[in-house]
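*Asks:* predicted model and sequence follow; I will ask about them next.
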Amino acid sequence: MSEIHFVDTTLRDGQQSLWALGMRTGAMLSIAEQMDQVGFESMEFFVSIMIKKYVREHKENPWVWLREGTKRFRRTRLRFHGGMHGSGSFEKLPGAIMKLLIERAVSYGITLTRTSTCWNDFQSFKEELRDLRAIGMETIVNLIYSVSPRHTDDYYAEKSRQAAAIRPYRICFKDVGGLLTPERARTLIPIILQNAGDVPVEFHAHCNNGLAPLCYLEAVKLGVKTLHTAISPLANGSSQPSILNVAKNLKALGYTPVINEEEVKPVEEHFTVVAERDGLPIGKPLDYDHSQYLHQVPGGMISNLRHQLRLVGMEDKLPATLEEAARVRTEFGYPIMVTPLSQFVASQAAINVIVGERYREVTDQVIQYALGLWGKEAPGLIDPDVKDKILSRGRAREWEDWEPPDPSLKEVRSRFGGASVSDEELLLRVYAGEEAVKAMVAAGSPREYLSAKQPLVRLIEELSRKKDCSRISISKTGMSLTLAKRTA
């Protein structure tokens with residue numbers, strides 16, 4: 001019972017949090033077999049927003065990662081992140097498209113997903129879990145942590161019971177903002193475990209405030225057996241705790257971390273080389289910042305707010321904007337600060353500060369929020385006076401009876417090339433756009449990367465295949481090697 005298992009987040013949440021999904025396909029493929037040796041219980045492998053990012057910015061086909069990456073993992077169960085409704089999206093995509101994406105993931109052997117709603121609304125999950133099971137996908141549902149007068153012990157006891165009642169594969173207690181403290185963990189986690197009953201609970205936390213590694217240890221003492229961690233340099237910062245740090249501390253407390261630490265080290269070396277080569281940041285532990293509990297704006301969003309304010313010459317207004325975000329969140333009924341609700345709150349706060357009059361201008365998304373289009377709880381929680389200000393404008397009347405279109409797969413396909421387009425290319429076109437897909441195809445195959453633990457013979461073989469070099473020299477004490485292409 002002292003064994004503690006790990007879900008690796010390096011390739012998904014780690015790089016999404018720290019590198020904005022900036023890691024190339026080749027960098028992941030070249031180390032995948034080594035990562036499979038570590039002993040992770042499971043690994044986050046893919047999320048739908050990777051499609052847009054990889055096609056548009058990297059000009060790489062994400063299906064290469066799914067096709068080739070899944071072949072390299074024989075011991076580790078892989079996870080899709082997002083479920084039927086996607087993850088972190090502002091767009092309400094057709095249900096037929098989301099189902100098709102899940103079906104393609106399952107076809108590559110990915111049969112486990114972790115997903116959530118931004119309101120911890122487990123009643124709305126019943127139908128989704130049933131549909132996912134029918135496709136062949138088991139579901140872990142997130143129970144998201146937040147701090148507000150609404151998010152009490154009673155709230156989490158009830159939500160834990162509701163989550164367990166729909167019989168998911170597991171419940172994941174998720175601290176997306178890094179707000180949990182060790183003291184709060186000691187009071188709250190027992191409530192969640194008790195009300196979850198026989199449904200296993202795993203723990204996923206971000207290090208935004210430097211407390212997640214401590215909360216992990218408290219969670220284990222209280223009975224949690226599965227933790228989400230990442231491998232440096234894609235750990236810490238706004239990512240998850242470092243696997244080697246957590247494992248070391250667990251051993252000191254008398255627990256048995258179920259990983260092979262020696263197999264982690266070459267993976268760590270590989271990603272450090274990738275970070276240095278591609279100019280990507282190294283995750284580092286962050287200092288505690290109490291202001292996070294006031295505005296709860298995620299770290300990545302603060303950088304975006306600073307950029308937006310700089311564009312209008314008001315970068316000095318960032319502190320005022322964060323203070324305003326705390327007021328807006330209160331007036332909106334304390335929504336959990338996750339995508340897309342955190343963007344609605346922060347954007348409205350910035351508008352209030354820039355315009356100089358609160359709610360004189362509002363976004364369409366804020367109108368939709370007040371109408372309940374982004375969660376049926378919102379209209380009953382939002383401050384009545386603020387709700388009146390938002391919905392008293394003509395634009396609000398245009399949204400009152402709106403419902404998101406839900407075309408069939410046949411209708412979507414007719415808009416993106418017809419029956420001759422494969423399922424996988426159709427998904428690329430829907431998510432990234434047809435022009436971006438054409439540019440991706442024109443760019444050719446993904447760039448290759450070398451692994452940090454490849455034998456010398458394999459290293460020479462890989463180097464000899466490089467088309468962009470005519471001469472390569474390797475030298476170290478007592479040895480030199482030169483590879484040169486033969487001229488005609």
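*Replies:* The structure has been received and is ready for your questions.
*Asks:* residues in contact with the longest helix anywhere in the chain?
*Replies:* When the chain is parsed with DSSP state H, its longest helix is helix 261-278. With contacts defined as CB atoms under 8 Å, 6 or more residues apart in numbering, helix 261-278 is touched by 10, 22-24, 27, 30-31, 34-35, 37-39, 231-234, 243-244, 247, 280-282, 449, 451-453. All C-beta atoms are positioned from the backbone trio N, CA, C, and that covers glycine.
*Asks:* which of these fall within helices?
*Replies:* In this view, those that belong to helices under DSSP H are 27, 30-31, 34-35, 243-244, 247.
*Asks:* Gly136: what's it in contact with?
*Replies:* The neighbourhood of Gly136, defined by CB under 8 Å, 6+ apart, consists of 106, 111.
*Asks:* need phi/psi at it.
*Replies:* Main-chain torsions, Gly136, degrees, to the nearest 10: phi 110, psi 20.
*Asks:* now it: how far from Phe45?
*Replies:* For Gly136, the distance to Phe45 equals 16 Å [CB to CB, to the nearest Å].
*Asks:* any low-confidence regions in this protein?
*Replies:* 1, 86-91, 300, 451-465, 487-488 (pLDDT under 70).
*Asks:* residues contacting Leu426?
*Replies:* Neighbour list for Leu426: 100, 412-413, 416-417 [criterion: CB under 8 Å, 6+ apart].
*Asks:* do the same with Gln348
*Replies:* Counting by CB under 8 Å, 6+ apart, Gln348 makes contact with 328, 359, 362-363, 366.
*Asks:* and it, what element?
*Replies:* helix 341-355 (DSSP states H and E).
*Asks:* next SSE after that helix?
*Replies:* Using DSSP H and E, the helix or strand that follows helix 341-355 towards the C-terminus is helix 364-371.
*Asks:* outside of that following helix, which residues touch it?
*Replies:* Helix 364-371 has contacts (CB under 8 Å, 6+ apart) with 90, 332, 340-341, 343-344, 347-348, 374-375, 378-379, 382, 387, 390-391, 393, 395-396, 399-400.
*Asks:* please apply the same query to stretch 292-304.
*Replies:* Residues outside stretch 292-304 that contact it (CB under 8 Å, 6+ apart) are 17, 20, 146-147, 176-179, 208-209, 238, 305, 318, 322-323, 325-326, 329, 337-338, 342-343, 345-346.
*Asks:* if any of those residues are buried, give me the ChimeraX selection for them.
*Replies:* Buried residues within these, by 16 or more other CB atoms under 10 Å, are selected in ChimeraX with:
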select :17,146,147,176,177,178,179,208,209,238,305,318,322,325,326,329,337,338,342,343,345,346
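*Asks:* what about the contacts of stretch 292-304, which are in strands?
*Replies:* Members of the contacts of stretch 292-304 lying in strands (criterion: DSSP state E): none.
*Asks:* out of the contacts of stretch 292-304, which sit inside helices?
*Replies:* 17, 305, 318, 322-323, 325-326, 329, 342-343, 345-346.
*Asks:* going by neighbour count, which residues in stretch 251-266 are buried?
*Replies:* Residues of stretch 251-266 classed as buried by neighbour count (16+ other CB under 10 Å): 255, 257-259, 264-266.
*Asks:* phi, psi for Gln194 please.
*Replies:* Main-chain torsions, Gln194, degrees, to the nearest 10: phi -60, psi -40.
*Asks:* next one: His228
*Replies:* Dihedral angles (degrees, to the nearest 10) for His228: phi -100, psi 120.
*Asks:* my read: it touches Cys207, true?
*Replies:* No: His228 is beyond contact range of Cys207, at 11.3 Å (criterion: CB atoms under 8 Å).
*Asks:* overlap in contacts, the two.
*Replies:* With CB under 8 Å, 6+ apart, His228 and Cys207 have common neighbours Gln240.
*Asks:* can you give the domain ranges for this structure?
*Replies:* Per automatic domain parsing, the domain ranges recorded for the chain read 3-278, 292-399, 455-488.
*Asks:* can you give me the first-to-last residue distance of the longest one?
*Replies:* Spelled out, that is domain 3-278. 37 Å (CA to CA, to the nearest Å).
*Asks:* and stretch 110-125, by the same measure?
*Replies:* End-to-end distance of stretch 110-125 (CA to CA): 20 Å.
*Asks:* same deal with stretch 8-17?
*Replies:* Taking CA to CA, the first and last residues of stretch 8-17 lie 14 Å apart.
*Asks:* got the contact list for it?
*Replies:* Contacts to stretch 8-17, defined as CB under 8 Å, 6+ apart, come from residues 21-23, 28, 35, 38, 40, 42-47, 76, 79, 81, 204, 206, 228-231, 234-235, 237-240, 243, 267, 271, 283, 300.
*Asks:* distance between that stretch and the chain's centre?
*Replies:* Centroid separation for stretch 8-17 versus its chain: 7 Å, with CA atoms, centre = their mean, to the nearest Å.
*Asks:* swap in stretch 378-385?
*Replies:* Computed by CA atoms, centre = their mean, the chain-centroid distance of stretch 378-385 equals 29 Å.
*Asks:* can I get that stretch in PDB, CA atoms only?
*Replies:* Extracted C-alpha coordinates of stretch 378-385, given in PDB (Å, rounded to 0.1, in the frame of the first residue of the first chain):
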ATOM      1  CA  ALA A 378     -23.900  31.700 -14.500                       C
ATOM      2  CA  PRO A 379     -27.200  33.700 -14.800                       C
ATOM      3  CA  GLY A 380     -28.200  32.800 -11.300                       C
ATOM      4  CA  LEU A 381     -24.800  33.600  -9.800                       C
ATOM      5  CA  ILE A 382     -23.900  36.900 -11.500                       C
ATOM      6  CA  ASP A 383     -24.600  40.200  -9.600                       C
ATOM      7  CA  PRO A 384     -28.100  41.400 -10.700                       C
ATOM      8  CA  ASP A 385     -27.000  45.000 -11.300                       C
END
